[in-house]
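> Pasting the sequence and the predicted model now:
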Amino acid sequence: MGGVAKAVNNREEAIGYLVDVLRRHRAKRVILSNFPLSDELGLERVLKQTSVEVIDEEADDVHKAEIGLTGVLVAIADSGTLLLDGEAGDGGVASILPPVHIAFLRESQMRLNLAEAFIDLKLAFAQGHKEFVLITGPSRTADIEQTLILGVHGPKEIHAVVLP
Amino acid sequence: MKGRDPMAQEIQGAIHNANLQEALGRVTEGISFLRHLAFQDFPEYEKLRTQARHIKEETIANLDEYLKILKERVEGNGGTVYFAQDGAQACRYIMELAKRHKVKRIVKSKSMTAEEIDLNHALEEASLEVIETDMGERIVQLARERPSHLIGPAIHKTKEEVAELFARWLKLPEPPRDVQALTHLARNALQNAFLSADMGITGVNFAIAETGTIVLVENEGNIRLTTQLPPIHVALMGIEKVIPSLDDLLVYLALLPRSGTGQKLTSYISLLSGPSGRLSEGNREFHLVIIDNGRSRLRNDPDLRETLYCIRCGACLNICAPYQGVGGHVYGGRTYMGGIGCAWEAGVSGLKAAAHFNGLCTTCARCTEVCPVKIDIPWLNTIIRHKAQKLDSRLSLSQKLFGRTEHLNAWGSRLAPLSNWWLRQPLTRTLLGKLFHIDPSRALPTFQRQTFVRWFEKRRNPQRLTSNGARKVAFFPDCFTNHFDPEVARAAVNVLERSGVRVRLVPYRCCGRAALSQGFIEEARKNAEHNVSVLLALIDEGYDIVGVEPSCISAVQTDYHHLLERDAAEKVAQASYEIMEYLALLRRRGELRWNSELVSEQQKMKVIFHGHCQQKATGGNTAVIEFLNSLPTLETQLVEVSCCGMAGSFGYKREYAGLSRHLAQKLARKLEGLEGRIIASGFSCRAQIQEATGRAAIHPIVLMAELLEHEAQKVS
């Protein structure tokens, strides 16, 4: 769908991939959502080590972030879709405001199709979670002469880093 | 010309606007094709659209209950719900909310409902700055125009025009001309707007009652930003947008993106329950404004109720020939466009607003193939035409003539060739133009003195006596064929009898199609009642019903459901076939022998098949193509257009003749490089093809009769 799905074997490879993307974009600021996998991977420490500033969602300069990092509730294989759960810290702004979005997930979070993902969605609703977004590929428009342009308001680049 | 119809002038303007024509072609045909691909390997389609329809039927029937649940749940999620009777109330609520929070700048995402109530205008009057953030909608806003397509609001603008508009907006002396750079410019400018806005206003695609969740479907991401950045989010929806549960959403998500843009899913689908966004709790608000604004009027009218099932995918517009020809500014009302838009306008703006562009619906029914909730849009337009007759007496002469051709035809044939001579006289044509709005430059069909019925009753054909097959056909000789083109019906009888089928006539009345096309529902019903009582008796005697004109057969197959008691209509529909559909059925049942014996000696005969719209809509066309492809002697090519543009009387009317010819040219261009004989089942399609290309077009059954005749001569 215009995004990159990167399967990695372990934490080190995941971090390596993240650092590569940060370097390639010469990123100085990121929005880091508060998702469980982030703690497990120690993303905050990694960012500190690479001297990347973490910007708070509520901050006035939130738009200066070059990259947004989030987790997912589940990912959907047949449409290449990420289902993000706002309450689980997947961040409403991290996935839409910066020009690059990187999502981290485990293989166990992969679902075959939308119907299967809806089982997880319903469970999350039952737990009182209230805001979600399905993301399928980068932001796009064809409003001017039907020319397809990626990254119109949201990210032009999406990466899904899949851990075992 | 004095007193020239304003609609005719608007149509001329659109047809001669080269930019518009190019954009319309790209969007409508382009998206239609993508939609086609999206559903190609999607066997669940029929099941899902039946489900999607049922959900809407049930929800709209119990609307108050679901709206009550929705309100409770949204409030439970920390949001506020406001019910507005009309647009003025909704606008006032939003303005007062803005005033209370000292709002200065509002970012807005595309919402047809906001267009409908003129929300921007009201907010700007109150000195609020409103910035549209959808790329196309922003362009339209800068140009101070209205959207011309449901999902592509600015399709009528060229990139040069967009560059001019952006230059003025951003005060640039030298704007870029390339689309990438233009989009980037707008992205940066709009990002500032998102960050500094005090309020975000969006529409709603679906509102889930059980969870109190609104669902927003988009590709650009501007809706996400509109909901996530400003402290206040106002979502505006019509009462019809509520659906009961998350499971129901799954059904619509399978249909809406595929139907709208040919995507499996759009880039972003937000599910928001109550306040959301980047600010912490307590610093953000969510308001759901639910408006009626004429929707209850639609809901309380059993004939127009299904309008409310619309999920606004736009598939019906993309496939619609008149829409492809003129776009939504001409074929549209204040807010809504196309055939479905006419029904929407009848609800929200009133019958008069709807009647203004109702005539552009040819009732060809191509839209019914693609509607994901199976709305019978041509029927809605027939109903509106019927209701509008009480408004305007000026059109009634023309409508009366085209709606009641039955008796005229009888006299025309009786008086032929005198009637034909008289109809060709310039004075007559001027008169017909003035009184009945018949375009003087259109060739009128020629009355045949010996009608088909006369021929059938008088003939002494030994075959009739010797055919002793098990199959019996009651032949339904429609008015067009009977009076203007009896050869086609003779060919059908000939082929049926050679296939071992016994044929008798149906003591018929006009099927009612002509009356329906002008909105004369009661007259159509009378004819339908007569026909159905006769047909039911024949069906009980073991007869299958067969005719040659798809318009008329499809009236029997589909429209009678609206006019008569359902079971009777269904029984008749099940036993009725257009002749080629019938041959296809006989072949499938192994009851046809000659089809595989027709083998050409040297090379296959090339034919080009132009399908009939209403036959495509009933699904009958697929069977016809299958049958043609099964004949070893033919090499059949298909020519695909939305509609030839004649559509019965449509192309003969002065107001629409120009558009009709414009659509015929599209077909003519597609036929240009194709070799072979043109076959087309529709009487008016053949007239249109002949005029537009100068090439003859024949009914496929005439070709079948020829092939059989040729075969018989070979044997003897």
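That came through, no problem. Given the structure is predicted, the values throughout are model-derived calculations rather than measurements.
> Look at the residue sitting furthest away from the middle of chain A and report its pLDDT.
Farthest-out residue of chain A from its mean C-alpha position, per C-alpha atoms, centre = their mean: A:E145, at 30.3 Å. With respect to pLDDT, A:E145 has a value of 86.
> start to end distance for stretch B:419-433?
17 Å (C-alpha to C-alpha, to the nearest Å).
> Identify the residues contacting that stretch?
B:W411, B:G412, B:S413, B:I438, B:D439, B:P440, B:L444, B:T446, B:F447, B:R654 (C-beta atoms under 8 Å, 6 or more residues apart in numbering or on different chains). To be clear about C-beta, it is placed using only N, CA and C from the backbone, and glycine gets the same treatment.
> Now a PyMOL select for only the buried ones of the residues you listed.
Listed next is the PyMOL selection for buried residues among those, using 16 or more other C-beta atoms under 10 Å in any protein chain shown:
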select buried, chain B and resi 412+413+438+439+444+447+654
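> immediately after the host helix or strand of B:E626, which helix or strand?
With secondary structure defined by DSSP states H and E, B:E626 is part of helix B:620-630. Using DSSP H and E, the helix or strand that directly follows helix B:620-630 along the chain is strand B:634-638.
> Contacts only, for the spatially closest residue to B:E210 that is not a sequence neighbour.
In space, and not counting its chain neighbours, B:E210 is closest to B:S245: 4.7 Å by C-beta to C-beta, 6 or more residues apart in numbering or on different chains. Contact analysis of B:S245 by C-beta under 8 Å, 6+ apart lists B:I208, B:A209, B:E210, B:T211.
> nearest to chain A, of those residues?
Nearest to chain A among those is B:T211, at 5.5 Å by C-beta to the nearest C-beta.
> How is that closest one assigned, secondary-structure-wise?
coil (DSSP: H, G, I helix; E, B strand; the rest coil).
> That one against B:L249, yeah?
No - the pair B:T211 / B:L249 is not scored as a contact, 9.5 Å apart, by C-beta atoms under 8 Å.
> which strands and helices sit next to the helix holding B:E626?
With contacts taken as 3 or more C-beta pairs under 8 Å, 6 or more residues apart in numbering or on different chains; DSSP states H and E, helix B:620-630 sits against helix B:550-554, strand B:576-578, helix B:579-588, helix B:594-597, strand B:605-610, strand B:634-638.
> let's see 7 Å
Contacts defined by 3 or more C-beta pairs under 7 Å, 6 or more residues apart in numbering or on different chains; DSSP states H and E place helix B:620-630 against helix B:579-588, strand B:634-638.
> Put together a markdown table for those, with distance to chain A and mean pLDDT on each row.
Shown next, in a markdown table, are those (distance: least, C-beta to the nearest C-beta, whole Å; pLDDT from 0 to 100):
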| stretch | distance to chain A | mean pLDDT |
| --- | --- | --- |
| helix B:579-588 | 35 | 96 |
| strand B:634-638 | 26 | 94 |
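> thinking again about what came up before, and for the helix holding B:E626, what's in contact with it?
B:578, B:580-581, B:583-584, B:587, B:595, B:609, B:611-612, B:615, B:634, B:636, B:638, B:700 (C-beta atoms under 7 Å, 6 or more residues apart in numbering or on different chains).
> and those, which two are the farthest apart?
Largest separation among the contacts of helix B:620-630 by C-beta to C-beta: B:N595 and B:H612, giving 21.2 Å.
> between those two, which one's more packed in?
A count of neighbours by other C-beta atoms under 10 Å in any protein chain shown puts B:H612 above the other of B:N595 and B:H612, at 26 against 19.
> want to try TSV for the contacts of B:S245, with pLDDT as columns?
Converted to TSV, the contacts of B:S245 look like this (pLDDT from 0 to 100):
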residue	pLDDT
B:I208	98
B:A209	98
B:E210	97
B:T211	97
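> Quick check, pLDDT for the residue in chain B that chain A sits nearest to.
Closest approach between chain B and chain A, counting by C-beta to the nearest C-beta: B:G221, at 2.9 Å. At B:G221, the model reports a pLDDT of 96.
> deepest of the helices and strands packed on helix B:620-630, which one?
Most buried of those, by mean neighbour count (mean count of other C-beta atoms under 10 Å in any protein chain shown): helix B:579-588, with a mean of 24.
> Just want the angle from it to strand B:605-610.
120 degrees (axes from the mean of the first three to the mean of the last three C-alpha atoms, to 10 degrees).
> Secondary structure element holding A:L134?
Using DSSP H and E, A:L134 falls within strand A:131-136.
> Could you pull out the buried residues of that strand?
Here strand A:131-136 shows A:E131, A:F132, A:V133, A:L134, A:I135, A:T136 as buried, counting by 16+ other C-beta under 10 Å.
> Let me see the residues that make contact with the helix or strand that that strand is followed by.
Using DSSP H and E, the helix or strand that follows strand A:131-136 in sequence is strand A:140-141. Here strand A:140-141 makes contact (C-beta under 7 Å, 6+ apart) with A:L148, A:I149, A:L150, A:V152, B:M135, B:T183, B:N219, B:E220, B:S267.
> Can you list the low-confidence ranges for chain A?
Applying pLDDT under 70 to chain A picks out residues A:1-2.
> Can you name the residues of it that neighbour chain B?
A:57-58, A:62-63, A:79, A:81, A:86, A:92-93, A:96, A:114-115, A:118, A:121-122, A:125, A:130-141, A:143-147, A:149, A:152-154 (C-beta under 7 Å from any C-beta of the partner chain).
> what about burial for the residues you listed, which qualify?
By neighbour count, with 16+ other C-beta under 10 Å, the residues of chain A next to chain B hold A:57, A:62-63, A:79, A:81, A:86, A:92-93, A:96, A:114, A:118, A:121, A:125, A:130-141, A:143-146, A:149, A:152-154 as buried.
> okay, the closest residue to B:A514 other than its chain neighbours: pLDDT?
Excluding the flanking residues, the one nearest B:A514 by C-beta to C-beta, 6+ apart is B:T405, at 5.1 Å. pLDDT, B:T405: 76.
> can you check B:S716 too?
66.
> quick one: low-confidence parts of chain B?
For chain B (pLDDT under 70), the answer is B:1-4, B:392-396, B:461-469, B:600-602, B:716.
> Closest to the centroid, which residue in it?
Short answer for chain B (C-alpha atoms, centre = their mean): B:C367, at 3.3 Å.
> Give the buried residues for stretch B:614-622.
Applying 16+ other C-beta under 10 Å to stretch B:614-622 flags B:Q614, B:Q615, B:K616, B:A617, B:T618, B:G620, B:N621 as buried.
> scratch that, stretch B:276-288
Buried-residue list, stretch B:276-288, by 16+ other C-beta under 10 Å: B:S276, B:G277, B:R278, B:L279, B:R284, B:E285, B:F286, B:H287, B:L288.
> Chain neighbours aside, what residue packs nearest to the second one?
By that I understand B:G277. B:G277 sits nearest to B:Q228 (C-beta to C-beta, 6+ apart), 4.4 Å away.
> The one you found contacts A:G91, correct?
No - judged on C-beta atoms under 7 Å, B:Q228 makes no contact with A:G91 at a distance of 9.2 Å.
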